[in-house]
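J.: With the sequence up front, the predicted model follows.
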Amino acid sequence: MPELLEVRNAVAGYGSGPAILNGADLDVAPGEIQCIIGPNGAGKSTLMKAITGLLPIRSGEIRLMGERIDRLRPDQILKKGIAFVPQERALFPKMTVRENLRMGGYTIRDEAELKRHIDDVLDRFPILRERAGQHAGTMSGGQQQMLAMARTLIVRPKIVMLDEPSLGLAPMIVQQMFDIMRQLRDSGMTVLLVEQNAVVGLKNADRGTVLDLGRTLFSGPAEDILKDPRVRELYLGKAAA
Amino acid sequence: MLSSILQVLILGLALGGVYALMASGLTLIFGVMRIVNLAHPIMIIAGAFVAYWLFRLYGLDPILAMPIAAAVLFVIGIVLYKLIFEKEAANAKYSEMTVLLTFAVALCADGLLGALFSNTQRVTTPAYGTDAFIFGTIFIPKGQAYAGAISLLVIGTLLAFLNFTRFGAAIRATTQNRAAAQLMGVNVGRVSLITFGIGIALAGAAGALVSFIFSFFPAKHWEWIAILMSLVVLGGMGKLMGAILGAFLLSVIAAFVGTYFGSTWSTMTFFLALFVILLVRPQGLLGDKIEEA
Amino acid sequence: MATELGVSDVLKARKDYNAALASAGRRERATWFPLALLILLTLLPALQITGGHNYTLHLMLYAMMYAAMASSWNILGGYTGYISLGHNVFFCIGGYFSGMILAYFGVTSLLTAPFAGLAAAIVGFAVGLITLKMRGPTFIISSIALLMVARILFDHWQFVGGSNGVALPQMDIPAQWAKLPYYYGMMIVCALTVWASYRIKHSKFGLGLRAISQDEVKAESAGIDTRFYKVLAFAISAFFVGMAGAIWGEYITYLRPNIFLIILVAANMVLMCILGGKGTVAGPIVGAVVLIAFNEFSVTFFGSSEINLLITGLVMVLALKFFPAGIVGTLAKKGRLPRVLDWD
């Protein structure tokens, strides 16, 4: 299968500090859910920020459908079809749910088209329709995560990226999140996520990638990664399986 | 007695409008870039000089000169941003180095204006500058009334721009969460550039109005730094409505203090208010906690 | 993909990575250098036997004063990370305290300077209790407001002459030697300040201050009484500036708000620190010498104080944009700092 997103030998770090990513590689195929796991400080979030252009890489290449995107700004990368929900969810707390969704469609200049896209997304998340007038900052963690995810869907991206979507959420809500991700995949979208909770992440993913010390160590079908004895010893804790 | 209280109140409100305009650019820039712009007041003085010279050389009314002053200062703002603040704004976290940079810019501009025009007191003198509306026993200088009314008009336009345009939404989004705005497809670099320009242009517009209600000279901006900061801090750093509220509140209080205790203490009101606010409610009336690096 | 990797490879890589992050050790310090400098400065007035070097002595005195003030500012602004743009308030308090004693009781500032420093420190302590509750930008703003309040108060305080100020009596010494008492007075203040700055930097107190500058919340949770540390740093920093003010006031024989309470004095302290290297011991001294030499040059060429202000601002912009670590800091980072300046 041709790769949708490729990262080759990416090096990145903050300011003039040491490199957090030390030559990471990543391959994302269209229509899959891929989960990146790894210990704290492995560079998982940094890799996500590098792909979305929030943290420009120092060297290496990032390609979307063969086209270099590693020198583009975040707004340009969004227009290429990569949407991102960062760990802190990045909502606009003083804006209502509807205003947040409208900001999600900031790049859509046609008002009628924007309305249609928002309506489509609200059909997928009925809870948000009920709360359209509420300020985002006053919602619960699970609802905020729903809104953050919904907001990225307004522009109908090719790839949705999520950094630790399960963080701080109740197990039931987490399962709901993954159900939505599978629905998205089945409708043709590609999902790339980072999970601290490696077992839950891998069980719900098609492919897994292990990052450590800023490098890619293992990559393969999620079930194989989950069963790999080295991964189990190093990252999952032996009890996990 | 009652009419004199009413008179002081009206004067305070008129000046409050001008203060609100002065503070609006400052708070806009802080909101989007987390830059505490200590060079803001000297930009107001620069705007006053533009109006002053247009009046002296061509007899242009300072109110009509206001758009020109705003345009000139907009360009200055864009240039300053490109030369000095672009990298700092990209971080959009408060840093003391950035404050010191604005301080250094204020020193430069103060020195430059002083060298060009000297530190003598100046004021533009349109006919309405010395005229007044008289309603019975109430006496309102026309200059202050016009300046206050026009300030409100400009602020109203600014609020409409922020709330009802696509670019305004981008500015509000960047203020609330810069990274999130970027992820929504907002080019925050461009938003910062334009916002910085608008902020400095607002200073220029305020300067044109200031030129006929206060006498001014380059070194006066140090005093205004503390005055403007007190307004902005009272309202909550980066909150536009807060700054406007703060401006009216403190201006009215200062007008009363000035009437009953003399003008020295009227200026003191702002400084002492600043200390009291910072002590009692450092986040201001409408503000959240100030973000730090 | 590197699937041939084994568990032990990963663990070893992790260990090596962490070892590489831990950096190199310390070098010896050249303590003889400041002592030699002090001896040189003590002997310098011998030039006056031939006469005609009054201006040299004046410049040295001026440089020592600013070296003391910048070093003192550095304790709060450099080590602790609290930028004060109104520190000349303490310069003013010191100057007026000793100056008024001289005017009314005829006691020279050289004797009362420590008390002037103490007065400045007490005011600093009291002000610090209020303003150091604020952090970051609000603290900077409050420092400017403090300067404005002081200016209004001194301009209107008739007991100290209001905005016209007070003329001070001069010592009855022949012009050839007239500068010497103040020269040595300022030299002692400067030496004391630099010594204090060095001792603080290398003490547990200094470590606490640096922890505060990096992350105040973490410093507090590490058990540092941050409020007391900050206020104490503020008071110490005010103390030496106050002493310098006391000697300067009598030296120039005049007290006036627009000598002490102008923004340029505060700006100089800040700029010297940044230029030399904020948070280093030697930086403020290097910054003071460089900036004063540069000012000498620019005043000769351009004259007016407005241009001087413009140039001060320009130098500051350039320093902040291109050498935010300052001369000492930048050299140290590149490993090119001469041993004689490495006091950190």
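T.: Right, received. Where do you want to start?

J.: The particular helix or strand that has B:Arg190 in it and chain A, are they touching?
T.: In this structure, B:Arg190 sits in helix B:188-213 according to DSSP states H and E. Yes - using C-beta under 8 Å from any C-beta of the partner chain, helix B:188-213 comes into contact with chain A via B:Val188, B:Gly189. All C-beta atoms are positioned from the backbone trio N, CA, C, and that covers glycine.

J.: can you give me how far that helix is from the chain middle?
T.: How far helix B:188-213 lies from its chain's middle: 8 Å, per C-alpha atoms, centre = their mean, to the nearest Å.

J.: Would you indicate which residues of it are buried?
T.: Using 16 or more other C-beta atoms under 10 Å in any protein chain shown as the burial criterion, the residues of helix B:188-213 that qualify are B:188, B:191-213.

J.: Which strands or helices does that helix pack on?
T.: helix B:2-33, helix B:40-58, helix B:62-80, helix B:86-91, helix B:142-164, helix B:166-176, helix B:178-183 (3 or more C-beta pairs under 8 Å, 6 or more residues apart in numbering or on different chains; DSSP states H and E).

J.: please redo it, this time with the cut-off set to 6 Å
T.: With contacts taken as 3 or more C-beta pairs under 6 Å, 6 or more residues apart in numbering or on different chains; DSSP states H and E, helix B:188-213 sits against helix B:2-33, helix B:40-58, helix B:62-80, helix B:142-164, helix B:166-176, helix B:178-183.

J.: closest to A:Met48 out of those helices?
T.: Closest to A:Met48 of the helices and strands packed on helix B:188-213 is helix B:178-183 (C-beta to C-beta; 10.9 Å).

J.: pLDDT weak spots in the chain?
T.: You didn't pick a chain, so chain A it is. Applying pLDDT under 70 to chain A flags residues A:1-2, A:237-241.

J.: wrong chain, I was asking about chain C
T.: Short version for chain C, where the test is pLDDT under 70: C:1-5, C:20-30.

J.: make it 50
T.: For chain C, the stretches flagged by pLDDT under 50 are C:1-2, C:23-26.

J.: longest helix anywhere in it?
T.: The helix that spans the most residues within chain C, counting by DSSP state H, is helix C:226-252.

J.: Skipping adjacent residues, who's closest to the residue of chain B found nearest chain A in space?
T.: Closest approach of chain B to chain A (C-beta to the nearest C-beta) occurs at B:Ala180, with a separation of 3.4 Å. Of all residues not flanking B:Ala180 in the chain, A:Ala90 sits nearest, at 3.4 Å (C-beta to C-beta, 6 or more residues apart in numbering or on different chains).

J.: Contact residues of chain B facing chain C?
T.: Residues of chain B lying near chain C by C-beta under 6 Å from any C-beta of the partner chain: B:36, B:94, B:96-97, B:99-101, B:104, B:107-108, B:110-112, B:114-115, B:222-223, B:225-226, B:229, B:268, B:271, B:274, B:278, B:292.

J.: So which of those are in strands?
T.: Assignment to strands by DSSP state E places none of the residues of chain B next to chain C there.

J.: Pull out the buried residues from those residues.
T.: B:36, B:94, B:96, B:99-101, B:104, B:107-108, B:110-112, B:114-115, B:222-223, B:225-226, B:229, B:268, B:271, B:274, B:278.

J.: quick one: buried residues of the longest helix of chain C?
T.: C:226, C:229-251.

J.: mind checking how far it is from the chain centre?
T.: With C-alpha atoms, centre = their mean, you get 9 Å for helix C:226-252.

J.: Quick check: next helix or strand after that helix?
T.: strand C:254-255.

J.: what about the helices in the stretch 1-150 of chain C?
T.: C:7-21, C:32-43, C:54-74, C:88-105, C:109-131, C:137-156 (DSSP state H, counting those that start in this stretch).

J.: Quick one: the ones you listed as a markdown table, columns for mean neighbour count too.
T.: Shown next, in a markdown table, are these (neighbours: other C-beta atoms under 10 Å in any protein chain shown):
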| stretch | mean neighbour count |
| --- | --- |
| helix C:7-21 | 12 |
| helix C:32-43 | 13 |
| helix C:54-74 | 23 |
| helix C:88-105 | 25 |
| helix C:109-131 | 21 |
| helix C:137-156 | 23 |
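
J.: and of those, who's closest to B:Pro67?
T.: Across the helices of the stretch 1-150 of chain C (criterion: C-beta to C-beta), the nearest stretch is helix C:137-156, sitting at 30.7 Å.

J.: Are that closest one and chain B in contact anywhere?
T.: Yes - using C-beta under 6 Å from any C-beta, we find that helix C:137-156 touches chain B at C:Pro137, C:Thr138, C:Ile140, C:Ile141, C:Ser142, C:Ile144, C:Ala145, C:Met148, C:Val149, C:Ile152.

J.: Neighbours of the residue of chain A found nearest chain B, how many?
T.: Residue nearest to chain B within chain A: A:Ala90 (3.4 Å; C-beta to the nearest C-beta). Look at A:Ala90: counted by other C-beta atoms under 10 Å in any protein chain shown, it has 21 neighbours.

J.: Could you do the one 4 residues further on as well?
T.: The number of residues packed around A:Lys94, counting by other C-beta under 10 Å, is 16.

J.: Then the one 10 residues further on?
T.: Neighbour count of A:Gly104, defined by other C-beta under 10 Å: 27.

J.: What of B:Gly262?
T.: B:Gly262 - counted by other C-beta under 10 Å - has 11 other residues nearby.

J.: Over to the one 3 residues further on?
T.: By the criterion of other C-beta under 10 Å, B:Trp265 has 15 neighbours.

J.: returning to what we had before: any idea how far the residue of chain B closest to chain A is from B:Pro126?
T.: 47 Å (C-beta to C-beta, to the nearest Å).
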